[in-house]
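Trainee: The sequence isn't on hand, but the structure is:
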């Protein structure tokens, strides 16, 4: 048999083409019978579907008409097909449900004692605020003017349109010294950190200073790249960057200067200067994770550290908090000497970023929609933070909010020993929330001072719930806070 | 001075907020003067921009009004600002063009002797055929129904909607045995191959069989992951997979069964069976790169190898040829035993893929728009291939098209020794085109048989030019083909 595969035109599920495998042992008739049986059994040919006439299928497959008619006859006899005068040959209605080839039955997830209905856990913005229609408008405008070349593989450094828009935006909004040729677009901050870590390891750098409280996922990225993390103490003035001077192998430090994650402080001006001086002195690098720098409610945001020493600071920004994690769009602003290597790595194709989303974000920024969205979200988050502070004043005046009025989360200082029971009580109340201890670096020595007395704290990510869910989440939180002693 | 940063509301370029750095040595007045001067000099404050009154800026910054007025006065004196009765203080018109901080002046690229106006080089589809409005419609429908959670970090394996759509599509159109839980969405085939290579190296596999003619970028990915490539001979029946049996360390083979790249043959049925048997026997894996399997013009496409042995074949598909490389969307269909590890690696965040594009593609497929687009592009590419064959018959009947009528490129067998001069002549004629030798694996031994007599050939990527550019490209090609001997 010359043809080993065939397609039944537009008879598959949804009226689309259906592919038949005509390989395998046996004669033509047996092979066709088996292929059709498989298609019916697997659901690819849906119950009720009308098959082509034996004449037309035979012509399509280059077989004798009788061969097809015989195969149809076999399957009617077996009950897979039905044949009625005037309505042709159809897939029988009782044909089995789709077979899932080798599908594993996933084990049911362990059930929490109470279904979580409220979420105040850090990690995402209020994605119910994602500006769907403004985003689609920007996509429409971006696609309308994009040249054909924009649909190719594109510039591995990031779409030039987006890099230009970011350079302008970051300079005016965050005080970053940025030019488009210094910017590399990444699929999220984690990817950017992985890229950078890979390049720096290639330079022989082995130790990276990290904050002793931070996001594990970042620390894991750094360690996967082969770095030994050195944990800096975090206190109410941010990371104690002076400790870096005592580490002769440290050349890189990863910090969150505008809003320490998770403790919520701002890096003290003296320490801003000190960490930049350190990097300049040792020929090192500060990696500035500016994950939520757009959100400050009591005053203007503290500008990027990068502005102080563009050749010794990598600025890392993201759309995950300002728009939505789903976009997977972030950016690095690099010192000149690192641009070439990072771009070369980024261009290998393993670190690809969708181009159309990049063009859409560029249009979203340059049209002013990004500024408008940020203003709206700033108001929303600020209102929630104010509600949190008021609720505490009324229901739990003994519990204080630490850290600055910024970002998407606040930190509550808890009486020593109450963090774990509070998180557990919250789970029983249907509220998902994180304690501060969860973010303590596993490599931090036990002697390390804690940023809060006793180390107990609660992270209230008021930015996480959808707009309609915040009041309920706040009420649940008030119910589970430890009472005054 | 308490405030170290300030924002001028909506006076920056484009009427947006402008950020001023008020750190640094010196008194308040000097600092403000310097910050404003920097903003003007760098272009962040555009010529003609009206500054806020000294009273309102002073209130905003918490400074004495006189301090601001003095700073303004200094800058008027220096010529950066102008002050006119009734029109306030403005940025002077002659203010300098934006300074590019540390920008390198890129060296001009080496100029080709003639500007390339025609492109018949492989690598991309005809992106002028990208269905912009159908894609936007799909995006609108997808975003309209997406739950808020869809804008979060999402499922690291790929959006469930897309995996379900792909499972159905791949089963009916390519004969792939796919269930959504076996599919991993990647940002392009290269990323998928990198992920897979990383996992397989972790299993201790060291040697990978690759086709001796293929895409270097893929071979580089494999080598970066630590694989030693073993190059299989390619002849007119595809890769000589029997050679794998003689390599005791080989456990993985990367092949292009439906349409060998670049030689254009189809893997012979005996070899299809043989490579699957080999993988089953040695407990190994075939990686099936189905980069353009949707496009066949003379008959139904040869179905996926994966259908023969789903536990020993990884099926790799992509939207780069069927839609556009800009999407950076591809998919792996994995044997059950590899799913967990690949997904775990994919979820680390280093290999992120934008979620909104995934939802859009899911909607594009399930709505039938993908089938419609493929039918239209199949007609377009088929017509171009027919035109190429006709033009050769008329202008260069001594030159033969080898390979099957499929995909986005054809291979012309050239008289021995004429490949390089032809590619050069094409460059002078303004036509970019690749010779076959370019795709020979650098590690292939010199003794390796060539797929064409003498090894000389030309790859005509008739799928690359935009619709209006194909006739001109074809004409240029006819001009430079070597004459009959």
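Mentor: Received it, and whenever you're ready, just let me know what you need. Note that this is a predicted model, so its numbers are computed, not measured.
Trainee: C-alpha only now, for contacts and for neighbours.
Mentor: Noted.
Trainee: Phi and psi next, for the one residue in the stretch 201-350 of chain A that gets nearest to chain B.
Mentor: Chain B sits closest to residue A:350 of the stretch 201-350 of chain A, with a gap of 4.1 Å, by Cα to the nearest Cα. Phi and psi for residue A:350, reported as degrees, to the nearest 10, are phi -80, psi -20.
Trainee: How about residue A:314?
Mentor: phi -100, psi 120.
Trainee: I figured it hits residue A:336, correct?
Mentor: No - using Cα atoms under 8 Å, residue A:314 is not in contact with residue A:336; the gap is 10.1 Å.
Trainee: Residue A:451 contacts residue A:265, doesn't it?
Mentor: No - counting by Cα under 8 Å, residue A:451 does not reach residue A:265; the two are 9.8 Å apart.
Trainee: Specify which residue of the two has the higher count of neighbours.
Mentor: The neighbour comparison of residue A:451 against residue A:265 (other Cα atoms under 10 Å in any protein chain shown) goes to residue A:265, with 26 against 22.
Trainee: Residue A:147: neighbour count?
Mentor: The burial count for residue A:147: 11, using other Cα under 10 Å.
Trainee: one step back: for the closest residue to the residue of the stretch 201-350 of chain A closest to chain B other than its chain neighbours, grab the count of nearby residues.
Mentor: With Cα to Cα, 6 or more residues apart in numbering or on different chains as the criterion, residue A:350 has its nearest non-adjacent residue at 4.1 Å, and that residue is residue B:191. Counted with other Cα under 10 Å, residues neighbouring residue B:191 total 26.
Trainee: tell me which strands and helices the host helix or strand of residue B:191 is in contact with?
Mentor: Assessed by DSSP states H and E, residue B:191 sits inside helix B:189-202. With contacts defined as 3 or more Cα pairs under 8 Å, 6 or more residues apart in numbering or on different chains; DSSP states H and E, the packing partners of helix B:189-202 are helix B:216-224, strand B:313-318, strand B:330-333, helix B:336-346.
Trainee: how near is the closest residue to chain B within the stretch 101-250 of chain A to residue B:251?
Mentor: Residue of the stretch 101-250 of chain A nearest chain B, by Cα to the nearest Cα: residue A:191 (4.1 Å). According to Cα to Cα, to the nearest Å, residue A:191 stands 30 Å off from residue B:251.
Trainee: same check, this time on residue A:45
Mentor: 36 Å.
Trainee: who's more crowded, those two?
Mentor: Between residue A:45 and residue B:251, residue A:45 has the larger neighbour count (other Cα under 10 Å), namely 29 against 21.
Trainee: helix/strand/coil for the more buried one?
Mentor: Three-state call for residue A:45 (DSSP: H, G, I helix; E, B strand; the rest coil): coil.
Trainee: Check residue A:229 too.
Mentor: With three-state DSSP as the criterion, residue A:229 reads strand.
Trainee: since we're on it, how many residues are nearby?
Mentor: 24.
Trainee: burial measure for the nearest residue to residue A:369 once chain neighbours are set aside, as a count.
Mentor: Distances taken as Cα to Cα, 6+ apart place residue A:134 nearest to residue A:369, at 7.1 Å, with adjacent residues excluded. Residue A:134: 14 surrounding residues under other Cα under 10 Å.
Trainee: Please state the offset of the strand or helix carrying residue A:134 from the chain centre?
Mentor: Assigned by DSSP H and E, residue A:134 belongs to helix A:132-145. Relative to its parent chain, helix A:132-145 has a centroid offset of 22 Å by Cα atoms, centre = their mean, to the nearest Å.
Trainee: what angle separates that helix from helix B:132-145?
Mentor: Interaxial angle, helix A:132-145 versus helix B:132-145 (axes from the mean of the first three to the mean of the last three Cα atoms, to 10 degrees): 170 degrees.
Trainee: now check the helix or strand following helix A:132-145, is it near chain B?
Mentor: Helices and strands here follow DSSP H and E; after helix A:132-145, the next one along the chain is helix A:160-174. Yes - Helix A:160-174 comes into contact with chain B (Cα under 8 Å from any Cα of the partner chain), by way of A:168, A:171-174.
Trainee: now those residues in JSON lines, with pLDDT?
Mentor: Shown next, in JSON lines, are the residues of helix A:160-174 next to chain B (pLDDT from 0 to 100):
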{"residue": "A:168", "pLDDT": "96"}
{"residue": "A:171", "pLDDT": "95"}
{"residue": "A:172", "pLDDT": "92"}
{"residue": "A:173", "pLDDT": "93"}
{"residue": "A:174", "pLDDT": "93"}
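Trainee: what's near enough to touch the closest residue to residue A:298 other than its chain neighbours?
Mentor: Nearest non-adjacent residue to residue A:298, counting by Cα to Cα, 6+ apart: residue A:405, 6.0 Å away. Contact analysis of residue A:405 by Cα atoms under 8 Å, 6 or more residues apart in numbering or on different chains lists A:296-298, A:385.
Trainee: where's residue A:405 relative to residue A:259, distance?
Mentor: To residue A:259, residue A:405 is 9 Å away according to Cα to Cα.
Trainee: so how far is residue A:177 from residue A:313?
Mentor: Residue A:313 is 10 Å from residue A:177, by Cα to Cα.
Trainee: Residues in contact with both of the two, list them for me.
Mentor: Common contacts of residue A:313 and residue A:177 (Cα under 8 Å, 6+ apart): residue A:306.
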